[in-house]
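Engineer: Build the 3D model from these lines:
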Amino acid sequence: MFHELADAPGERTPEELYAAYEAELVAVIEDVGVEAVAAESGVDPETLRALVDGESPELELEDAAAVLAVGVEESADDVTVLSRDALLMGMTNAVYDVEALSRELDGELEPREIQSKVEGRFPMTLREFALLHATIQERTR
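Structural biologist: Model prediction:
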């Protein structure tokens, strides 16, 4: 789902891709309202207000998926799983393993950390998702 939000992710920097993800979340919050999104997603209303105010709070992928799910026909779990699957498929198409991806990221994330985050065993922030997604897509371009 997040993987579908931005057109041509391989042509955007991780920061630009992250900004596109945030813009989509803000659109959902503005359409539905802070309190309603907080009630439905379980994300703290203060975090949602900060997002709308342009403060760029750190969000885990699961929380961002819960917010996005308020505005789409998928569940938060589906959004999370589909987003992680897009990373795995991208790694397969780009013939990237976690060691090569870690090197490409200049060690910002360790190989085991990348694997655990992509598999959902460790939490992944939306910013990390954007970093991985943009890096993987750059290689498949």
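
Engineer: Centroid-nearest residue for this protein?
Structural biologist: The centroid of the chain falls nearest to Leu126 when counting by CA atoms, centre = their mean (3.7 Å).

Engineer: Give the burial count for the nearest residue to it once chain neighbours are set aside, as a bare number.
Structural biologist: Ranked by CB to CB, 6 or more residues apart in numbering and with sequence neighbours excluded, the top spatial neighbour of Leu126 is Ala64, at 4.4 Å. Glycine gets a C-beta too; all of them are placed from N, C-alpha and C. Ala64 has 28 neighbouring residues, counting by other CB atoms under 10 Å.

Engineer: got it, and Glu110?
Structural biologist: Glu110: 13 surrounding residues under other CB under 10 Å.

Engineer: Relative to Pro123, how far out is the residue lying closest to it once chain neighbours are set aside?
Structural biologist: Spatial nearest neighbour of Glu110, excluding adjacent residues (CB to CB, 6+ apart): Ser102 at 6.0 Å. Ser102 sits at a distance of 18 Å from Pro123 (criterion: CB to CB, to the nearest Å).
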